[in-house]
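Trainee: here are the coordinates; sequence isn't available:
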């Protein structure tokens, strides 16, 4: 529990549950920042404690002040040419970041202990969680400056739907949330930034371009890194093993294709941001073949809730 802004001496996984069980998204961001700093500073020493029962909620605590609708009922956001459109786009980004906070702490709490992941896994996703909290706070402040507020417009929870669909499989969670949704965010952000500039809103454009965009590349990179790790661990190989053959690299890519086909409905949508995706650690062989997927089934469906 957070007391006076400082975490009591508990494991990181237990601390992550504090965020997930906090309903107010501003408090989620604040508490998450405290936990992240304490983990990174060594004040929280253990990632998890053996024998401690961890009950991860199926759905994190959320306030009910945001009207939720289905993705198909979401109004068009526009192209940032008007104040109304800029408000709608930023509101959508704020909502997405509110879920990104929960997604980051959920992967720590749900899978870290269960999959006996190494300490670097926890550190990577603590950094992601801290970034997402900062993104939420900065975008919410910008939305207020634009004359609106979080909750003024409807939103949908497509991102958490995909989290629910991948709640039993860390490999699937990494592939769908970080290598599909977050990578899709990398694809669309340059256009979004350009639209804000054309609309005369350089402040929002700068926030997206100089703060959020580069950090989102690292979030996608975390997904790619730990997807590779799990594939290699199953072969008793280290992530940094210089002896990984080209055939094994091909196997990892094929596993990614199979995972996405099993857990995501529909093709990935080009055009792809090849430069940003390369910086995140995966090239066209990972995603271009998936642009032709046309399958039905009980899978995640792409919605407008792409990660920014």
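Mentor: Yep, it's here. Predicted, not measured: the structure shown is a model, and the values here were computed from it.

Trainee: quick one, helices of this protein?
Mentor: Counting by DSSP state H, the chain has helices at residues 12-20, 25-40, 83-111, 119-145, 158-165, 170-173, 182-198, 202-206, 213-233, 246-263, 274-280, 284-287.

Trainee: just checking, what packs against the fifth one?
Mentor: The one in question is helix 158-165. With contacts taken as 3 or more C-beta pairs under 8 Å, 6 or more residues apart in numbering; DSSP states H and E, helix 158-165 sits against helix 83-111, strand 300-301. Where C-beta positions appear, they are placed from N, C-alpha and C, glycine not excepted.

Trainee: might one say that residue 171 is in contact with residue 227?
Mentor: Yes. Assessed by C-beta atoms under 8 Å, residue 171 is found in contact with residue 227 at 6.5 Å.

Trainee: spell out which residues are contacts of both of these two.
Mentor: Common contacts of residue 171 and residue 227 (C-beta atoms under 8 Å, 6 or more residues apart in numbering): none found.

Trainee: of these two, who's got more company?
Mentor: residue 227 (25 against 20; other C-beta atoms under 10 Å).

Trainee: now do the contacts for that one.
Mentor: Counted by C-beta under 8 Å, 6+ apart, residue 227 has contacts 171, 174, 175, 178, 179, 252, 256.

Trainee: now stretch 185-195: buried residues?
Mentor: Neighbour counts using 16 or more other C-beta atoms under 10 Å place 185, 186, 187, 189, 192, 193, 195 of stretch 185-195 among the buried residues.

Trainee: make JSON lines from these and add pLDDT and distance to residue 206 to it.
Mentor: Below are those laid out as JSON lines (pLDDT from 0 to 100; distance: C-beta to C-beta, whole Å):
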{"residue": "185", "pLDDT": "95", "distance to residue 206": "18"}
{"residue": "186", "pLDDT": "97", "distance to residue 206": "18"}
{"residue": "187", "pLDDT": "97", "distance to residue 206": "20"}
{"residue": "189", "pLDDT": "97", "distance to residue 206": "13"}
{"residue": "192", "pLDDT": "97", "distance to residue 206": "13"}
{"residue": "193", "pLDDT": "97", "distance to residue 206": "9"}
{"residue": "195", "pLDDT": "97", "distance to residue 206": "14"}
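
Trainee: ok, those residues vs residue 282, which is closest?
Mentor: residue 186 (10.9 Å; C-beta to C-beta).

Trainee: so the closest one is in contact with residue 274, correct?
Mentor: No. Under the criterion of C-beta under 8 Å, residue 186 is not in contact with residue 274, lying 9.9 Å apart.

Trainee: for the residue nearest the centre of the chain, which non-adjacent residue is spatially closest?
Mentor: Computing the C-alpha centroid of the chain and ranking residues by C-alpha atoms, centre = their mean puts residue 100 first, at 4.7 Å. Distances taken as C-beta to C-beta, 6 or more residues apart in numbering place residue 132 nearest to residue 100, at 3.9 Å, with adjacent residues excluded.

Trainee: re earlier: nearest to residue 280 among the buried residues of stretch 185-195?
Mentor: Taking C-beta to C-beta as the measure, residue 280 lies nearest residue 186 of those, at 7.1 Å.

Trainee: what about that closest one, distance to residue 260?
Mentor: From residue 186 across to residue 260, the span is 16 Å (C-beta to C-beta, to the nearest Å).

Trainee: next one: residue 272
Mentor: 14 Å.

Trainee: look at those two and report which has more neighbours.
Mentor: residue 260 (22 against 18).

Trainee: mind listing what that one touches?
Mentor: Residue 260 sits next to 175, 176, 179, 180, 268, 290, 293 when contact means C-beta under 8 Å, 6+ apart.

Trainee: the first one contacts residue 256, correct?
Mentor: Yes. Using C-beta under 8 Å, residue 175 is in contact with residue 256, at 5.9 Å.

Trainee: surely the residue nearest to the centre of the chain and residue 135 touch.
Mentor: Yes. Contact status for residue 100 versus residue 135: in contact at 7.2 Å, counting by C-beta under 8 Å.

Trainee: low-scoring pLDDT stretches of this structure, where are they?
Mentor: 1-9, 240-243, 292-308 (pLDDT under 70).

Trainee: residue 192 and residue 208 touch, don't they?
Mentor: Yes. Between residue 192 and residue 208 there is a contact at 6.4 Å, judged by C-beta under 8 Å.

Trainee: measure stretch 146-159 end to end?
Mentor: Stretch 146-159 has an end-to-end distance of 25 Å (C-alpha to C-alpha, to the nearest Å).

Trainee: same question for stretch 41-52.
Mentor: End-to-end distance of stretch 41-52 (C-alpha to C-alpha): 23 Å.
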